[in-house]
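Engineer: Dropping the sequence and predicted coords here.
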Amino acid sequence: MEWKPKEKPKATAFREFRLKNNVVIGVFQGSFGANPDLDIVVKYQDLRYSKRVRTPKHIHWAIDLLIKREHDPKLTNKFIAYLRDMWDRVEPFKTKEDQQKCELKLTSSENLKEFEELDQYGELSVEFMGHVIELFMIEEKTGREGAFMFKDLFDALYTGKDVFSIVSLATYNGR
């Protein structure tokens, strides 16, 4: 996968994850945070609809989880709890080799299998959300000391906060 960042040369993903539903997640070299050499940028292509390279946003999967919860609250809450608990287990990149391997240890097919029934609701697959969320967690833990945004968003989803609180957390931009 290739991506053209603004005012920079074209970049090639150093790691790609090809999903069952013809979606590709690409991991690119980033340049921000406390460890810019270990930073990553996550992009995806949904080849079912377009070849356009897109940025996954927190608001996309947060809204999709709310849609899934409307149809199957028990299983969705279990999935949210699984994702929330991942936060404590996800490890940041410690070396360049870790970053380049970019292994997803917590969102394997076996770990997500029990949640696949949720794929029939909303737009995003459990596999896509799991992989993107694990990558975002790794990114946040690698580059931002004392990061809390992800945990706060999952706590809001898990405890059933109102939609406005969830949207506010998912769209927070640091201002």
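Structural biologist: Sure thing, it's come through.
Engineer: After the worst-scoring helix or strand of the chain on mean pLDDT, heading C-terminal, what element do we hit next?
Structural biologist: Least confident helix or strand of the chain, by mean pLDDT, DSSP states H and E, is helix 149-159 with a mean of 85. Per DSSP states H and E, the first helix or strand lying C-terminal to helix 149-159 is helix 163-170.
Engineer: Mind listing what's buried along that next one?
Structural biologist: Neighbour-count burial for helix 163-170, counted by 16 or more other C-beta atoms under 10 Å, picks out 166-167, 169-170. Just so you know, the C-beta spots here come from the backbone N, C-alpha and C atoms, and that holds for glycine as well.
Engineer: who's in contact with the nearest residue to Ile166 once chain neighbours are set aside?
Structural biologist: With sequence-adjacent residues excluded and distances taken as C-beta to C-beta, 6 or more residues apart in numbering, Ile166 is closest to Ala156, at 5.1 Å. By C-beta atoms under 8 Å, 6 or more residues apart in numbering, the contact list for Ala156 reads 165-166, 169.
Engineer: Just the closest of those residues to Arg69, please.
Structural biologist: The nearest member of the contacts of Ala156 to Arg69, counting by C-beta to C-beta, is Ile166 at 10.8 Å.
Engineer: these two touch, right, the closest one and Phe154?
Structural biologist: No - counting by C-beta atoms under 8 Å, Ile166 does not reach Phe154; the two are 10.1 Å apart.
Engineer: which residue ranges form the helices in the protein?
Structural biologist: Assigned by DSSP state H, the chain shows helices spanning 58-71, 73-89, 96-101, 109-112, 126-143, 149-159, 163-170.
Engineer: lowest-confidence stretch among the ones you listed?
Structural biologist: In terms of average pLDDT, helix 149-159 trails the rest of the helices of the chain, at a mean of 85.
Engineer: hang on, the earlier thing: can I get the helices of the chain in a markdown table with distance to Trp3?
Structural biologist: Below are the helices of the chain laid out as a markdown table (distance: least, C-beta to C-beta, whole Å):
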| stretch | distance to Trp3 |
| --- | --- |
| helix 58-71 | 18 |
| helix 73-89 | 26 |
| helix 96-101 | 17 |
| helix 109-112 | 26 |
| helix 126-143 | 15 |
| helix 149-159 | 23 |
| helix 163-170 | 23 |
